[in-house]
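> let's see this in three dimensions:
(one chain, ligands or ions: 1)
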Amino acid sequence: MQASAVQNASAPAQVDMLIVGAGITGLYQLYRALESGLSAVLLEAGKGIGGTWFWNRYPEARFDSESYTYAYLFSKELFDDWRWSEHFAAQPEIERYLNHVADRFDLRRHVRLDARVTSAMFNENSGTYTIESSDGSTHIARYLVAATGVLSVPFYPSVAGREDFAGESYHTGLWPSTPVDFKGKRVAVIGTGSSGVQIVPAIADEVASLTVYQRSPNWCTPLNNRPITEDEQLGLRADYTTIKQTLDTSISGFLHEPYKRASTDDTLEERQAFYEKLWNSPGFSKMTSNYSDFFTNADLRKEFSEFIAGKIRGLVNDPATAELLIPKDHIYAQKRPPYATGFYEAFNKPNVKLVSLKETPIQKVTEKGVETAHGVEEFDIIVWATGFDFARALQRMGIRGRNGVALEDAWRDGPSTFLGIQATGFPNLFFPGGPHGAAANNPRYNGDQVDFTMELLAYMRERGYDVVEPSQAAEDQWSNTVNAMASYSPFSPEHSYYFGSNIPGKPRKFLLNPAGRGMLFDVMAKSREAQFNTFVMSQGRACIDDSETASATQQTGEQS
Ligand code: N01
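Numbers count the residues shown, from 1 in each chain. Take a look at the predicted model:
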């Protein structure tokens, strides 16, 4: 297929691959597509590059995976010449990094900003998608890659009167690019997930008052961030090959060393000393470097939770507030735990208070503030830190596959995928970083999915195929395994947004890959070894030809 991505007024632009989303996965997909000689265009709804790291620009938004484990590893030169200032970088630095990547690899001229995809229709005859976007452009693309992320559609709860509030109101996931002035303001933060616990300590000192509305407490532990020393900078560069190898193969996608001992190997006293070490360790190592039976032993996680509860009681001066901040409805890691700096300590400031919505639910939002059974509290600013509708972006883009079936309808009861990459009935649609693929540190397995897709496309190109979808058998096997193994996941269906439980009416289906990166690797390897027989491949017509008379020639696709 020809490679013109330039659009004139009369004809849709034609391109081999159209990518949606300029986040970490979309940019990598763009890089890999161009590297392999495909023409490619990337459409991004935002006015800037960065995806999650463009939209989530609230104060103290930052990585909770180590900067160098979340960043790209495909180029040693890039790894060498970008100096992360902290082990867990903050949003402005991450946004600068992603813009640097776009410039360094000359990606920007393939990116159209402020262009939200409004529909993407599969054409049976040509085997292409016609994609329309909010900037008025139309593209015809052989391959459509939705790198739209899973935490990209902000969720506002349906609280009566939300629109009536006359002050400023913001969602953490849709933060404006102009700075928000909190100085001397009366502020409400609603929600205490990863976003809420980051913003609360960040603004506590400058606001006149801060009221934190908490529905469910979380097991928040210290991020233990710090600057990367000069020696560590040198060490990172010297160890690039080992770091890359570890991150390319590790099940968690982190550098954290797994701990060899089981909790039963240690006495209670030894375990408490170990928990203390974990408390002081960076980010996710509280999970990834915990005892070897951490995920299979609920008693151990209860004991670890009790240890954290003790820490909360020690950190928060007011015992009643401390008790409200300790989760009673779930144990550690039944929900995705947040990591923050100074969250509990913020409640010791005289201008910060906690309202537990379990005791006093929000009745409504008024023009002036938030009303509970205790009356209306007036605010200048309300921050909605109320999370996201997981993987929703993919379904609201207007994608239609074979026979005009909408992806949204096909997935009405929850997603059905092969490898979290493709779905039957939607040929040539790929969604790395979407549902069913995720297992741990996001960019690592999203990158695995992009790499696998590129291998598949190269295999097809060598054999003259250009239309592909998974076999029904392969998709059923993957999706059934995901659903069957969901009960082995530590996450709780009642509490975790990974089951869609935060969104009223959403089907309760597990949205990650509970069998982990190991299963992703295994199934990919088996598919590769068997000449990708988990896919059905065929020949479409040339991209420009959307004639109704053309018919695709089906060639392969042994069912696994
Ligand atoms: O969202 P959340 P988030 N009334 O869904 C509350 C990633 N992330 O944006 O638990 C009152 O975790 C809700 O209460 P409850 C990370 O993967 C990463 O904080 O449903 N409150 C909860 O407290 C994370 O897991 C970083 O009872 C309501 C909060 O809103 C994911 O994004 C930083 C409510 C939502 O918490 C999402 O995090 C930030 C209502 N009606 C985010 N409805 C890093 O550090 C909901 N809530 C990398």
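
> whatever residue of the stretch 101-250 of the chain ends up closest to the ligand: what's it in contact with?
Across the stretch 101-250 of the chain, no residue is closer to the ligand than G193, which sits at 2.2 Å (C-beta to the nearest ligand atom). C-beta coordinates here come from the backbone N, C-alpha and C atoms, glycine included. Contacts for G193 (C-beta atoms under 8 Å, 6 or more residues apart in numbering) come out as N218, P338, A385, G387.

> including secondary structure, pLDDT and distance to V159, could those go into TSV?
What follows is these, written out as TSV (DSSP: H, G, I helix; E, B strand; the rest coil; pLDDT from 0 to 100; distance: C-beta to C-beta, whole Å):
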residue	secondary structure	pLDDT	distance to V159
N218	coil	97	20
P338	coil	98	22
A385	coil	98	14
G387	coil	98	14
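
> and the ligand, which of the residues you listed contact it?
Residues shared between these and the neighbourhood of the ligand are A385, G387 [C-beta under 6 Å from any ligand atom].

> now the contacts of G193 in TSV, with neighbour count and distance to H139?
As requested, those are arranged in TSV below (neighbours: other C-beta atoms under 10 Å; distance: C-beta to C-beta, whole Å):
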residue	neighbour count	distance to H139
N218	23	42
P338	19	39
A385	24	36
G387	23	32
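
> nearest to the ligand, of the contacts of G193?
Closest to the ligand out of the contacts of G193 is G387 (2.5 Å), distances taken as C-beta to the nearest ligand atom.

> mind listing what the closest residue in space to that closest one that isn't next to it in sequence touches?
Using C-beta to C-beta, 6 or more residues apart in numbering and skipping residues adjacent in sequence, the residue nearest G387 is F155, 5.0 Å away. Contact analysis of F155 by C-beta under 8 Å, 6+ apart lists T386, G387, F388, D389, N502, I503.

> name the nearest residue to the fifth one, ignoring sequence neighbours.
Read that as N502. Per C-beta to C-beta, 6+ apart, closest to N502 is G387, 5.6 Å.

> I'd like to know how far that neighbour sits from V20.
Taking C-beta to C-beta, to the nearest Å as the measure, G387 falls 22 Å from V20.

> how about the host helix or strand of L30: buried residues?
L30 is part of helix 24-35 when elements are defined by DSSP states H and E. Across helix 24-35, burial judged by 16 or more other C-beta atoms under 10 Å covers I24, T25, G26, L27, Y28, Q29, L30, Y31, R32, A33, L34.

> ok, that helix near the ligand or not?
No - under the criterion of C-beta under 6 Å from any ligand atom, the ligand is not reached by helix 24-35; the shortest gap measures 11.8 Å.

> related to what we said a few turns ago, between the contacts of F155, which is nearest S209?
T386 (20.4 Å; C-beta to C-beta).

> let's have the contacts of F155 in a markdown table, adding secondary structure.
Converted to a markdown table, the contacts of F155 look like this (DSSP: H, G, I helix; E, B strand; the rest coil):
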| residue | secondary structure |
| --- | --- |
| T386 | coil |
| G387 | coil |
| F388 | strand |
| D389 | coil |
| N502 | coil |
| I503 | coil |
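
> circling back: F431: which of the contacts of G193 is nearest?
Using C-beta to C-beta, G387 comes nearest to F431 of the contacts of G193, at 20.7 Å.

> got the contact list for that closest one?
Going by C-beta under 8 Å, 6+ apart, G387 touches P154, F155, G173, G191, G193, S195, Y497, N502.

> now swap in R463 and tell me
Contacts of R463 (C-beta under 8 Å, 6+ apart): M537.

> that older thread, and the residue nearest to G387, how far from G434?
From F155 to G434 the distance is 18 Å (C-beta to C-beta).

> cool, E269 as well?
Taking C-beta to C-beta as the criterion, E269 is separated from G434 by 45 Å.

> of the two, who's got more company?
G434 (28 against 8; other C-beta atoms under 10 Å).

> and the pLDDT for that one?
Looking at G434, its pLDDT stands at 94.

> how about the strands in the stretch 401-550 of the chain?
429-430, 467-470, 535-539 (DSSP state E, counting those that start in this stretch).

> what parts of the protein come near the ligand?
62-64, 151, 157, 159, 172, 190-196, 198, 213, 215-216, 336, 357, 385-388, 497, 502.

> what is the distance between the biggest helix by length in the chain and the centre of its chain?
The longest helix of the chain (DSSP state H) is helix 442-463. Using C-alpha atoms, centre = their mean, to the nearest Å, the distance from the centre of helix 442-463 to the centre of the chain it belongs to is 19 Å.

> buried set for that helix?
Neighbour-count burial for helix 442-463 [16+ other C-beta under 10 Å]: 442-454, 456-457, 459-460.

> for stretch 357-377, same thing?
Across stretch 357-377, burial judged by 16+ other C-beta under 10 Å covers I362, Q363, V365, T366, G369, V370, E371, T372, E377.

> what do you get for stretch 475-485?
Buried positions in stretch 475-485, judged by neighbour count with 16+ other C-beta under 10 Å: E475, D476, Q477, W478, S479, T481, V482.

> likewise stretch 398-418?
For stretch 398-418, by 16+ other C-beta under 10 Å, it's I399, R400, G401, A406, L407, A410, W411, G414, P415, S416, T417, F418.

> could you dump that stretch to PDB, C-alpha only?
Only the C-alpha atoms of stretch 398-418 are listed here, as PDB (Å, rounded to 0.1, in the frame of the first residue of the first chain):
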ATOM      1  CA  GLY A 398     -17.300   4.600  17.200                       C
ATOM      2  CA  ILE A 399     -15.400   1.500  15.900                       C
ATOM      3  CA  ARG A 400     -17.400  -0.800  13.700                       C
ATOM      4  CA  GLY A 401     -16.100  -4.000  12.400                       C
ATOM      5  CA  ARG A 402     -17.400  -6.700  10.100                       C
ATOM      6  CA  ASN A 403     -21.100  -6.400   9.200                       C
ATOM      7  CA  GLY A 404     -21.200  -2.900  10.800                       C
ATOM      8  CA  VAL A 405     -21.100  -4.300  14.300                       C
ATOM      9  CA  ALA A 406     -20.100  -1.700  16.900                       C
ATOM     10  CA  LEU A 407     -17.300  -2.800  19.300                       C
ATOM     11  CA  GLU A 408     -19.400  -1.300  22.000                       C
ATOM     12  CA  ASP A 409     -22.200  -3.700  21.200                       C
ATOM     13  CA  ALA A 410     -19.900  -6.700  20.800                       C
ATOM     14  CA  TRP A 411     -18.500  -6.000  24.200                       C
ATOM     15  CA  ARG A 412     -21.700  -5.200  26.000                       C
ATOM     16  CA  ASP A 413     -21.100  -8.000  28.500                       C
ATOM     17  CA  GLY A 414     -17.400  -7.200  28.800                       C
ATOM     18  CA  PRO A 415     -14.400  -7.500  26.500                       C
ATOM     19  CA  SER A 416     -13.500 -10.600  24.500                       C
ATOM     20  CA  THR A 417     -10.000 -10.500  23.100                       C
ATOM     21  CA  PHE A 418      -7.000 -12.500  22.000                       C
END
